[in-house]
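**Student:** here is a sequence together with a model predicted from it:
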Amino acid sequence: MMLLAKKSGLPLLDALTAYDGTLEERTLNYQTPQYIYDNMKHRFRYYQDRALHYFHFALNNTEFKYMQSNHVLFNMATGSGKTDLMAGLILYLFKEEGYQRFLFTVNTNSVLQKTIDNLTDTNSIKNLYNHPIEIEGNRIRIEQVRQFPTTMRENVIYIKLDTIQGIASDLFTEKENTMGLTEYKKHKTVILADEAHHYSASTKKEKEDERSWERTIDLILGANNENRLLEFTATIDLENKQVYQKYKDKIIYRYALDRYILDGYSKNIRRIQSSNKDIENMMNVILLSEFRRLYAKEMHDVEIKPVILFKSPKIIDSNQAESKFLDLIEDLTPDMIESFIRLRFDENSEEQSETLYRTYRYYLSNIDKIPEIVREMKRQFSKGRIINANDTDRGNMLEKGQYEALNTLENSSNLYRVIFAVAKLTEGWDVLNLYDIVRISDTENAKGTKTSTMAEAQLIGRGARYNPFRLDNKISYQRRFEEDGADSLLLETLHYHTINEPQYLKNLVESLNEMNLPSGEDKKNPLIEVKVKPSFKKTDIWKKGSIYYNERVLVADDHYDNLSKYGVDNRSDIIINWHFTTREYNYDSAMVQEDFSDTFQKAIQLDLRLIMKAMNRNSFYHFARLKEYLPLLKSRQEFLSESWLNLNNRTLYAVVPRSMGRKKLKPEEKLEVLEIYLRKVEQQIKQGYRKEIGTNKFIGYPIREFVGDYRKRQPNYDTGRMKLFDIRASQNVSRQDYKNEDFFVYDSAFINQTEQQLIDRIKDRLIELNEKYSDVYLVRMDENMHRESAKSEKLKLYQFDRETTDVHFEAFQPDFILLLANADHYLQIFIEPKGINLLEREAWKEDLLMYINNHEADLVFEEDVNGLKIKGLTFYTINDSRGTIEQLGEIALGEKFTGLSL
């Protein structure tokens, strides 16, 4: 997969990744601006934050060699929130770079309509912004226009949406009310191109389209040297040499489909493979889909509407399949269903689908309810709840009315349950509650072609979007159930029902692998017992020992009595980098181009009027809003006092170019500097305000009560599960046997390669550890040990560093605890293996472990245990690239392990 890109590299992305990963050299401690979080309906996920950060680095780091690039491409997996990222980038470019004109180009009308809903239609449930949009106290309007205005109004973002064909027509055909090239010369414009890879193609027609696309965009891009092109695509063929050469130095960020799925932001994907006829697959999917709905209601009191898609090779096949389906529903009887289920349930082979087996078992256990269930099935799958999306042969365009229905399938008022289609739902379709895709047989080409199976694989990837249903009054956008358990299979899994034809399956698997799309066959996957060894239960550590975690307490309002409690420094002078990047200024009618390599700090005289004006322009500093975060605050005037902002006792400095000399800042410039400072304080207050916080008090939990047996399934994947040499291959999970390893508490463990290597390296040091400690035991703290039990909340660490600015409310459960004991010492060491790709994202966890080490004297214990110490190690990475085992020796033995070569 992408061997060419791996071999030859992606210069822009590689340079950004290296820069981002070199913490010592990072000059920008950049965080996603608060105005993006405040104005977006969906909070950015970590990878969207990272994409924005990379874009910011490229634009703003004066040492970065690609900073002048005006054409970049974001390669983001289908369903990962490309349009959310676009929406955030629009706000960023408006606020930080002063762009007001955004030209959005797509390749189909269906994607165009979706984008209108996402960005400009404030009445659409698909709109991505919180309205009204507000930045620094100013309300920002987004207006869709056919033509950019000659004079732009302040605080307005103008968006023109069109297909590339429409833009080209305007550009090359002079007519009234169109956008000619002159319009793009006058004012800087950002071009947002969605799925532009369609124009990187091979046929004669496709090559003509590509030339049209490139000619049009090149003209617009070159019309003004500040014009920018941001491309977004889920799929890009970097094995194609022409495509690779075209985009190798333009790809600025990648978030691949495999990472998206394994991060839990999608449904799991399982294939139900059978030799059934189409009519039998239809019966199976009817039973399964209705079981999903009933299971969600009966087991979790959750209302979901599972949608089925029947995918056909041709329109005539699709129409015939719809007729068969309607006949099946009309003829459905309780006896027919019972007979169908009993015949298949009795087979009960190991190769049988686990999900269908559960489905059959449910209906047989509710046999007396079958008549009622059949009546409901006839209603749920009636003709009025079916969409046939094949009414036109106009390529990839949906009929009016169909688009609205297909893109609101999650709405409670939308009753559609079944869709029949050929190839129209590959793009521009953002359905979340699609749970079943059924492949209708291709009698002319049963084996399928590479092209057809690749199209199927892409459809599977699109259908895997997660359905964020409400459970226990909470909505999650990541999977929350144990993989392959009943809850996961029914509520968090997309099933692809397909034929059991060897050559076809070979082609499909190859296509899924080419996309690196993790999937597995839906076979029985029983829970496996993981048990504490009987030998460990005979030890004193089991009988009398404890494991220790810090407690969490509620924070009283009176804790927040000054800004320092929020991590805000209100004693030192304030230094604001007013203009960090190259910019033009007009001083005394002289235009100065300043590179800011030679700067100085200019003191700013403030008065109450200016301070209050700055506060008035930011809604966070309106008293009602301030009071939400500062419960003891009595007035805005008090906020200026010594306990809070303390501006009377501090000096505000602006870092300015030395070329300004003795020139004074204008009032509006002073205001701008002050607003920058207030935004920084706002962010610190929000990060520092916590309802509950961890403490330095550690509670002991008896090992015999909190370390117990548990059951777990081995993940079932046979495609896309990390290719050889991929950095994440070290994260593949498998079951390892430890029955004969006395130091390991459990008889087995479900672990990845990095975790297995950690265990092996500790095993290699047992002789040295046993020379000092009579008891050496490694405990795997698996999340399944106390799943859905109150005990699980106790076995977690919480931040208790009151000085940190990187505040995290969530808990942390290190994967391993190493227990070392002798007559004089009881040492508990937290160990967390980590994939290299997660080091920065989860750095706060490592900081917490190091904080425990560095503040040993501050730790308080509920009980008096002789020689008790709690320690933590740096994250263990594959091949111990960070010296974790060396650190273990120094903590456990007071010296390096013998022969440790580092």
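**Tutor:** Done, it's in. Numbering: from 1, shown residues only.

**Student:** hey, let's count contacts and neighbours off CA atoms from now on
**Tutor:** OK.

**Student:** near Arg765, how many other residues are there?
**Tutor:** Close neighbours of Arg765, defined as other Cα atoms under 10 Å, add up to 16.

**Student:** any idea how far it is from Ser535?
**Tutor:** Distance, Arg765 to Ser535, using Cα to Cα, to the nearest Å: 21 Å.

**Student:** contacts for the host helix or strand of Gln687, please.
**Tutor:** Using DSSP states H and E, Gln687 falls within helix 667-688. The contact list for helix 667-688 (Cα atoms under 8 Å, 6 or more residues apart in numbering) reads 34, 136, 563, 565-568, 576, 578, 604, 610-611, 614-615, 620, 629, 654, 805-807.

**Student:** out of those residues, list just those in strands.
**Tutor:** Among the contacts of helix 667-688, the ones falling in strands (DSSP state E) are Ile576, Ile604, Ala654.

**Student:** which of those residues tops the neighbour count?
**Tutor:** Ala654 (23 neighbours).

**Student:** list the residues that contact it.
**Tutor:** Ile575, Ile576, Asn577, Trp578, Gln601, Lys602, Ala603, Ile604, Val673.

**Student:** the third one against Val655, yeah?
**Tutor:** Yes. Using Cα atoms under 8 Å, Asn577 is in contact with Val655, at 4.9 Å.

**Student:** show me which of the two is the more surrounded one.
**Tutor:** Val655 (18 against 15).

**Student:** surely that one touches Lys602?
**Tutor:** Yes. Between Val655 and Lys602 a contact is recorded at 6.3 Å, counting by Cα under 8 Å.

**Student:** about what we covered before: which of the contacts of helix 667-688 are buried?
**Tutor:** 136, 563, 566-568, 576, 578, 610-611, 614-615, 620, 629, 654, 807 (16 or more other Cα atoms under 10 Å).

**Student:** what's the domain layout of this protein?
**Tutor:** 3-24+31-255, 268-525, 529-554+693-716+726-892, 559-676 (automatic domain parsing).

**Student:** how about these, which one is nearest Thr898?
**Tutor:** Thr898 lies closest to domain 529-554+693-716+726-892 among the domains of the chain, at 8.0 Å (Cα to Cα).

**Student:** what average pLDDT does the closest one get?
**Tutor:** Throughout domain 529-554+693-716+726-892, pLDDT has a mean value of 89.

**Student:** ends of it, what's the gap?
**Tutor:** Domain 529-554+693-716+726-892 has an end-to-end distance of 32 Å (Cα to Cα).

**Student:** pretty sure Thr719 sits against Leu517.
**Tutor:** Yes. Using Cα under 8 Å as the test, Thr719 is close enough to Leu517 to be in contact (6.5 Å).

**Student:** higher neighbour count, those two?
**Tutor:** Looking at Thr719 and Leu517 with other Cα under 10 Å, you find the greater number of neighbours at Leu517, namely 28 against 21.

**Student:** for the more buried one, what are phi and psi?
**Tutor:** phi -100, psi 110 (degrees, to the nearest 10).

**Student:** which residues in the stretch 301-450 of the chain form helices?
**Tutor:** Counting by DSSP state H, counting those that start in this stretch, one finds helices in the stretch 301-450 of the chain at the ranges 315-331, 334-345, 354-365, 370-380, 402-406, 450-463.

**Student:** which positions within the helix holding Gln687 qualify as buried?
**Tutor:** 670-671, 673-679, 681-685, 687-688.

**Student:** in a markdown table, list the ones in strands among the contacts of helix 667-688 along with distance to Val106 and pLDDT.
**Tutor:** Formatted as a markdown table, the ones in strands among the contacts of helix 667-688 follow (distance: Cα to Cα, whole Å; pLDDT from 0 to 100):
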| residue | distance to Val106 | pLDDT |
| --- | --- | --- |
| Ile576 | 41 | 81 |
| Ile604 | 48 | 79 |
| Ala654 | 43 | 82 |
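
**Student:** tabulate the residues you listed (TSV), appending distance to Phe94.
**Tutor:** Converted to TSV, the ones in strands among the contacts of helix 667-688 look like this (distance: Cα to Cα, whole Å):
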residue	distance to Phe94
Ile576	21
Ile604	27
Ala654	23
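
**Student:** ok, of those, which one's closest to Leu527?
**Tutor:** Of those, the one sitting nearest to Leu527 (Cα to Cα) turns out to be Ile576, at 57.5 Å.

**Student:** residues contacting that closest one?
**Tutor:** Listed by Cα under 8 Å, 6+ apart, the contact partners of Ile576 are Leu652, Tyr653, Ala654, Val655, Val673, Ile676, Tyr677.

**Student:** the fifth one and Leu665, how far apart?
**Tutor:** Translated: Val673. Applying Cα to Cα, the value for Val673 to Leu665 is 10 Å.

**Student:** got a list of what Pro132 touches?
**Tutor:** Arg139, Ile140, Arg141.

**Student:** now the last one, what's its secondary structure?
**Tutor:** Per DSSP: H, G, I helix; E, B strand; the rest coil, the local secondary structure of Arg141 is strand.

**Student:** thinking again about what came up before, Gly180 is nearest to which of the helices of the stretch 301-450 of the chain?
**Tutor:** helix 402-406 (30.7 Å).

**Student:** for that closest one, the distance to its chain's centre please.
**Tutor:** 27 Å (Cα atoms, centre = their mean, to the nearest Å).

**Student:** low-confidence ranges in the stretch 451-600 of the chain?
**Tutor:** For the stretch 451-600 of the chain, the stretches with pLDDT under 70 are 473, 482-484, 578-599.

**Student:** can you map out the helices along it?
**Tutor:** With DSSP H, counting those that start in this stretch as the criterion, the stretch 451-600 of the chain has helices spanning 486-491, 502-514, 540-544.

**Student:** show me what the shortest one is packed against.
**Tutor:** Under the contact definition 3 or more Cα pairs under 8 Å, 6 or more residues apart in numbering; DSSP states H and E, helix 540-544 sits against helix 703-706.

**Student:** and the helix it packs on, what's buried?
**Tutor:** Within helix 703-706, the residues scored as buried using 16+ other Cα under 10 Å are Ile703, Arg704, Phe706.

**Student:** so which elements touch it?
**Tutor:** When contacts are defined as 3+ Cα pairs under 8 Å, 6+ apart, helix 703-706 sits against helix 540-544.

**Student:** not counting its own residues, what contacts the helix it packs on?
**Tutor:** Contacts of helix 540-544 (Cα under 8 Å, 6+ apart): Phe536, Lys537, Pro702, Ile703, Arg704, Asp775.

**Student:** out of those, who's nearest Thr182?
**Tutor:** Nearest member of the contacts of helix 540-544 to Thr182, counting by Cα to Cα, is Ile703, at 75.2 Å.

**Student:** check the gap between the nearest residue to the closest one once chain neighbours are set aside and Gly222 for me.
**Tutor:** Once flanking residues are discounted, Ile703 sits nearest to Ser546: 4.9 Å by Cα to Cα, 6 or more residues apart in numbering. Going from Ser546 to Gly222 by Cα to Cα gives 68 Å.

**Student:** now, of the helices of the stretch 301-450 of the chain, which is deepest in the fold?
**Tutor:** Of all the helices of the stretch 301-450 of the chain, helix 450-463 carries the top mean neighbour count, a mean of 20, counting by mean count of other Cα atoms under 10 Å.

**Student:** quick one: closest of the helices of the stretch 301-450 of the chain to Glu846.
**Tutor:** Closest to Glu846 of these is helix 450-463 (Cα to Cα; 34.0 Å).

**Student:** run the chain-centre distance for that closest one.
**Tutor:** 22 Å.

**Student:** and what of stretch 264-282?
**Tutor:** The answer for stretch 264-282 is 26 Å, by Cα atoms, centre = their mean.

**Student:** again, but for stretch 121-129
**Tutor:** Distance, centroid of stretch 121-129 to centroid of chain: 21 Å (Cα atoms, centre = their mean).
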